[in-house]
Every structure is written in C-alpha cells, then in structure tokens.
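>>> Here is a sequence with its predicted model. Questions after.
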Amino acid sequence: MTEELASSTTENDTAEVTVEATPAKERINKEESVEFLKEMQEKAGQISESEMEEENLVTEFFNSLLKILKPFSKTLEISVSSLPERYSEQIGKAHLHLTGQLVLVYRNREVGILNLADKENHELLVEITGEIMAKLKTIIDSYKSETEKRVKFLMPITRELQKVAKVFSEE
C-alpha cells in the first residue's frame, strides 16, 4: 500500500496524520460507491433523528423538573463527587436551578453557569441524572411525610370542631 502524509497544525503542536491509499485493484467499483453513499446518507438521517429526539427529551426533562420543583421553590445541590473529574477538581459547590442551569461555584469563589439544555452539556446532564433523581425522591418523600403529619394532626381536631359546630347549628 502507498501512504500519503498530511499534517495539521494547531497553535502549540503539530500532529501528523497518515492516510493510506487503496491500491487500484482493491478500489471500490461504482455500484459499491453508490451503495456506500446511500448507507452514509441513511446513517446521517438516523443521527439527525436521534439528535432531534435528544433535544425534545432534554426539553421535556427540564419542563418536568420545573413543574416538580416549582412548588418547593428549591434548587438541587449536586455533590461535586458526581461531576466528571474535569469539573470536580476545580468546583467547590454545584446547584441545579429549576430551569436546567447548573451553577458552579469554583474553589476560588468564581461562579460559572452551564445550561444543561445546551447540546454540548448533555453528556454532563446524563452523568448527574442519577443524583438528580435521588434528590427529587428525597424532596418528594419529605414533602409527603410533612403533609401526612399535618393531616394526622388536623384530622381529630377538625372532627371535634365539626361536632361542636353541629351543636351550635342545631339550635
């Protein structure tokens, strides 16, 4: 096989890329080329569909998160250990806002905001989803428990008040 060398230059370093040429007798014929291009087009279409579905799912994820957290007016504290290493070394605290923005408080006290709805941050969203779900469960369980305690407290009092009110309404 023959080789052609191509090089690309970046700001700080030069990387060499080796491209191998296919010998003439192994070259793809016209029909195979057309089939190959059709396959590439089909896969490109599938990628496009997957990306649109991903966008829709992320939008629905944050719409649902907003609806769930809005009554509690809370943000979710995300443990630094659940963040990828590239973040966790520099971050002191992280909070997920209701709208899907991850507020990062760096160790040097600077604040950064990442919109997890943006495509370039979807991988980070996937990595912290387990923690988000655990935090939501904790919030909902706590709210349910508090509500049940109030109902349990108010039920006998309300029944007794109803009995007293019935006495006064029978006169």
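Done, it's in. Just so it is clear, the structure is predicted and the values come from calculations on it, not from any experiment. Numbering: from 1, shown residues only.
>>> Pull the distance from the helix or strand containing residue 158 to the chain's centre.
Taking DSSP states H and E as the criterion, residue 158 maps to helix 122-169. Relative to its parent chain, helix 122-169 has a centroid offset of 27 Å by CA atoms, centre = their mean, to the nearest Å.
>>> just checking, what packs against that helix?
helix 30-69, strand 76-78 (3 or more CB pairs under 8 Å, 6 or more residues apart in numbering; DSSP states H and E). Glycine gets a C-beta too; all of them are placed from N, C-alpha and C.
>>> and the angle for it with helix 30-69?
Relative orientation of helix 122-169 versus helix 30-69 (axes from the mean of the first three to the mean of the last three CA atoms, to 10 degrees): 30 degrees.
>>> related to what we said a few turns ago, identify whichever of the helices and strands packed on helix 122-169 lies nearest to residue 100.
helix 30-69 (3.9 Å; CB to CB).
>>> show me the contacts for the spatially most central residue of the chain.
Geometric centre of the chain, nearest residue: residue 125, 2.5 Å, by CA atoms, centre = their mean. Residue 125 is in contact with 58, 61, 116, counting by CB atoms under 8 Å, 6 or more residues apart in numbering.
>>> swap the cut-off to 7 Å and go again
Shown in contact with residue 125 (CB atoms under 7 Å, 6 or more residues apart in numbering): 58, 116.
>>> One more: the one 4 residues further on?
Applying CB under 7 Å, 6+ apart, we find residue 129 in contact with no residue.
>>> Run through this structure and note the low-pLDDT ranges.
Scanning the chain for pLDDT under 70 picks out the ranges 1-28, 171.
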